[in-house]
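**Q** no sequence on this one, just coordinates:
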């Protein structure tokens, strides 16, 4: 018999077991086992819980000297309500970790000095790089209709008719009343179109780092010392 009382159940502790952690079947740590009974175990706040939780003993398998495994979904079993029954209590895990309210002890100071360290938590942030997305720069071919005006020349045949005057009537008439054909070639300019590629713009791609400020917050704990002095003989000196 240990003579100690469980802080979770108020029952007497009849045996002690040392440092056992609870894991899932995926090897994820649930937390530290604080107490063990025939009906359930108590897991202290830790990796998954923010407060002590009760898990049925039937859902837990002893998989090693310092680790047990919960079978199935731990959230299916875990509850912060103490189960009824289970009067036969078998143990409490001895651990270096402390709960919010630790066990009490009585000491006779005499001429000595007893010291209690009071702790508080600070926030410490570290920056990790992660991929936030990507920018895709892609060239595409877009067609459009462009119009230009080109001046061109063409030849025309001008035919002029003049009346014959009296002085011209003695002209040579040897070719009279015979057929005659005159062919006059005419020329014109046409436009041949060809497309010539030319660079009109250059796109330069680079990464630039900018700095922002991100606000982070979390809940931190601190310890405080409460003095319950029924005798009225305590003096407090804050240095």
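**A** Cool, the structure landed. Predicted model, so just to flag it, every value in this text is computed and none were measured.

**Q** state the distance from the closest residue to residue 234 other than its chain neighbours to residue 111.
**A** Spatial nearest neighbour of residue 234, chain neighbours left out: residue 227 (5.9 Å); criterion: CB to CB, 6 or more residues apart in numbering. C-beta coordinates here come from the backbone N, C-alpha and C atoms, glycine included. Per CB to CB, to the nearest Å, residue 227 is found 21 Å from residue 111.

**Q** cool, and residue 206?
**A** 74 Å.

**Q** cool, and residue 215?
**A** From residue 215 across to residue 111, the span is 52 Å (CB to CB).

**Q** can you check residue 57 too?
**A** Distance of residue 57 to residue 111, given as CB to CB: 49 Å.

**Q** more crowded one of these two?
**A** A direct count of neighbours by other CB atoms under 10 Å for residue 57 and residue 111 places residue 57 higher, at 16 against 4.

**Q** now the more buried one: how far from residue 160?
**A** Distance, residue 57 to residue 160, using CB to CB: 126 Å.

**Q** with residue 149 instead?
**A** Counting by CB to CB, the gap from residue 149 to residue 160 is 33 Å.

**Q** now swap in residue 225 and tell me
**A** 128 Å.

**Q** over to residue 179?
**A** Between residue 179 and residue 160 the computed distance is 21 Å (CB to CB).

**Q** repeat that for residue 126.
**A** Computed with CB to CB, the distance linking residue 126 and residue 160 is 100 Å.

**Q** repeat for residue 65
**A** According to CB to CB, residue 65 and residue 160 sit 126 Å apart.

**Q** the two: who's more crowded?
**A** For residue 65 versus residue 160, neighbours defined as other CB under 10 Å are more numerous around residue 65 (9 against 4).

**Q** need phi/psi at that one.
**A** With angles defined as degrees, to the nearest 10, residue 65 sits at phi -70, psi -30.

**Q** now the one 10 residues further on
**A** Recorded main-chain torsions at residue 75 are phi -70, psi -10, according to degrees, to the nearest 10.

**Q** so who does it touch?
**A** Residues near residue 75 by CB atoms under 8 Å, 6 or more residues apart in numbering: none.

**Q** that one and residue 219, how far apart?
**A** 21 Å.

**Q** how about residue 77?
**A** Distance, residue 77 to residue 219, by CB to CB: 26 Å.

**Q** partners of the top strand by length along the chain in the sheet?
**A** The longest strand of the chain (DSSP state E) is strand 29-37. Strand 29-37 sits in its sheet next to strand 21-23 (antiparallel), strand 40-43 (antiparallel), strand 89-94 (antiparallel), going by DSSP bridges.

**Q** mean confidence score for that strand?
**A** Averaging pLDDT along strand 29-37 yields 85.

**Q** assign a three-state SS to the nearest residue to residue 25 once chain neighbours are set aside, would you?
**A** Excluding the flanking residues, the one nearest residue 25 by CB to CB, 6+ apart is residue 69, at 6.1 Å. Using DSSP: H, G, I helix; E, B strand; the rest coil, the structure places residue 69 in strand.
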